[in-house]
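# only the shape, not the letters, is given here:
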């Protein structure tokens, strides 16, 4: 997602560049960013518009242990 921030810190626009997530999750993320308030960028003490890219995804699956450590097997 590309988030465009106004010089007053409000979000002007959120653009979905590419997504493999379900539409409902993308919509929730876009709505959340649109309501957010940010500290604007500054150049020579003047607030300016800014933009940033946000990459969203599902959490990586945790590795499954082939065997548990001895202390866990013994209930310690």
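Done, it's in. Note that the coordinates shown come from a computational prediction; the quantities given were computed from them, not determined experimentally.

# give the rounded mean pLDDT of the helix or strand hosting residue 47.
Here residue 47 is covered by strand 46-48, with elements defined by DSSP states H and E. When pLDDT is averaged along strand 46-48, the result is 93.

# for that strand, which strands pair with it and how are they oriented?
Sheet neighbours of strand 46-48, with direction, are listed as strand 41-43 (antiparallel) (DSSP bridges).

# gap between the partner strand and the chain center?
Strand 41-43 has its C-alpha centroid displaced from the chain centroid by 22 Å (CA atoms, centre = their mean, to the nearest Å).

# quick one: mean pLDDT over it.
What strand 41-43 shows for mean pLDDT is 89.

# same thing with stretch 51-58?
Throughout stretch 51-58, pLDDT has a mean value of 86.

# who's in contact with it?
With contact meaning CB atoms under 8 Å, 6 or more residues apart in numbering, stretch 51-58 is reached by 1-5, 17, 19, 21, 25-26, 29, 33. Bear in mind the C-beta positions are built from the backbone N, C-alpha and C, glycine included.

# which one (most neighbours) among the residues you listed?
For the contacts of stretch 51-58, counting by other CB atoms under 10 Å, the largest number of neighbours falls to residue 5: 23 neighbours.

# quick one, what contacts that one?
Contacts for residue 5 were tallied using CB under 8 Å, 6+ apart; they are 11-12, 38, 40-41, 49-52.

# and if you look at residue 23?
Residue 23 sits in contact with no residue, where contact means CB under 8 Å, 6+ apart.
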